[in-house]
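*Asks:* whatever this is, show me its structure:
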Amino acid sequence: MNHKRHSTIVIIPHAAGRVYKFHLSPTLLKITAGLGVIAVILSLVALLGSGNFVRQRALYRSLEKENKELRRTNQRLQEALGEVHARLEQFEQRTKQLAIAAGVADALVAPALPAKTSVGTGGPLDRLTGGPEHLLQREERLERQLGAVEQRLSEQQLLLSHTPSIAPVVGVITDGFGPRIDPITRQAAFHGGLDIAAAFGTPVKAPADGLVVFADREAGYGRVVKLNHGYGFVTIYAHLDRVLVREGQRVKRGEVIGRVGMSGRTTGPHLHYEVWKDGEKQNPLHYILDAY
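*Replies:* Okay, the predicted model is just below:
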């Protein structure tokens, strides 16, 4: 007689407790073992799923934190762009004023304004691309405009520094520019300069930057200095007692070039001063800004 083999599970809770016995048939044992394996598999799957969930949760929190930081960065960039735009507008206004003063206002061409870009609302930073590009364009345009203004101002400064504009000597004007009675011949004559009476030996100063083109004696004028200032200007200083410069020497405005005397045809110590522009005699009083 064949008896089915059973398996017995004995559970002893503690030494004095009741003993529990469970008899399992081979089929039930297989089912129990299968369920155990399934439970283990499910536990492993649940464990792996739980770990993946934790990682996803951590990644989500990291991305959320990064997005907040990007929004704050975007907002700071927007504020910085606003400040830079305001500064550029101030510089452009000042450049415009300088250009008008320098006479190059026609060089200032207003550019077409770019389409506005939405910034400061979070999202990818490349939404700010239009702003920086526009700033670079404005900066390049402003640099060109400032270059044109600086060049014109430099030219004007050079022209002003070479334009006779101060009195070579301060004294009493005894004869002006134009028709007069010659003090020696007593005949009517045209006086092509300005006679300024001053004490013997008074320093004579260059009224502008220039080059000494003549420093010697000349008939009737005595000791003479001639300066070529460029831009068509030439000035002459006659009846000097002493000449303190030499031909080929460059002088600056205010530099002493000689001393008042009475060399040549004269009745007393004075300076005969002439201003020529483009080969024609000019009234020196039109070029003296600090006296008379």
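*Asks:* okay, buried residues for stretch 58-75 please.
*Replies:* residue 74 (16 or more other Cβ atoms under 10 Å). All C-beta spots, glycine's among them, are computed from the backbone N, C-alpha and C.
*Asks:* off-centre distance for it?
*Replies:* On the basis of Cα atoms, centre = their mean, to the nearest Å, stretch 58-75 sits 37 Å off its chain's mean C-alpha point.
*Asks:* what is the mean pLDDT for the helix or strand hosting residue 95?
*Replies:* Residue 95 belongs to helix 26-102 when assigned by DSSP states H and E. On average, the pLDDT along helix 26-102 is 80.
*Asks:* residue nearest the centroid of the protein?
*Replies:* Ranked by distance to the mean C-alpha position of the chain (Cα atoms, centre = their mean), the top residue is residue 143 at 6.8 Å.
*Asks:* any idea how far residue 235 is from it?
*Replies:* Using Cβ to Cβ, to the nearest Å, we find residue 143 at a distance of 39 Å from residue 235.
*Asks:* same check on residue 167?
*Replies:* Between residue 167 and residue 235 the distance is 12 Å, computed by Cβ to Cβ.
*Asks:* which neighbours do these two share?
*Replies:* Overlap between the contact sets of residue 167 and residue 235, as judged by Cβ atoms under 8 Å, 6 or more residues apart in numbering, is given by residue 207.
*Asks:* where do the strands sit along this protein?
*Replies:* Taking DSSP state E as the criterion, the chain carries its strands at 7-11, 20-24, 172-175, 178-181, 188-191, 194-197, 203-205, 210-218, 222-230, 233-243, 250-251, 256-260, 270-277, 280-282.
*Asks:* of these, which is nearest residue 134?
*Replies:* If you check each of the strands of the chain against residue 134 by Cβ to Cβ, strand 222-230 wins as the nearest, at 43.5 Å.
*Asks:* between the closest one and strand 210-218, how many degrees?
*Replies:* For strand 222-230 against strand 210-218, the angle by axes from the mean of the first three to the mean of the last three Cα atoms, to 10 degrees is 160 degrees.
*Asks:* for strand 222-230, packing partners?
*Replies:* strand 210-218, strand 233-243, strand 256-260 (3 or more Cβ pairs under 8 Å, 6 or more residues apart in numbering; DSSP states H and E).
*Asks:* packing partners of the longest one?
*Replies:* For strand 233-243, the elements it packs on are strand 210-218, strand 222-230, strand 256-260, strand 270-277, judged by 3+ Cβ pairs under 8 Å, 6+ apart.
*Asks:* cutoff 10 Å now
*Replies:* If contacts are counted by 3 or more Cβ pairs under 10 Å, 6 or more residues apart in numbering; DSSP states H and E, strand 233-243 sits against strand 203-205, strand 210-218, strand 222-230, strand 256-260, strand 270-277, strand 280-282.
*Asks:* where does the stretch 151-292 of the chain have low pLDDT?
*Replies:* With pLDDT under 70 as the threshold, the stretch 151-292 of the chain has low-confidence stretches at 183-185.
*Asks:* circling back to that earlier point, make JSON lines from the helices and strands packed on strand 222-230 and add distance to residue 18 and mean neighbour count to it.
*Replies:* As requested, the helices and strands packed on strand 222-230 are arranged in JSON lines below (distance: least, Cβ to Cβ, whole Å; neighbours: other Cβ atoms under 10 Å):
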{"stretch": "strand 210-218", "distance to residue 18": "130", "mean neighbour count": "16"}
{"stretch": "strand 233-243", "distance to residue 18": "132", "mean neighbour count": "22"}
{"stretch": "strand 256-260", "distance to residue 18": "133", "mean neighbour count": "22"}
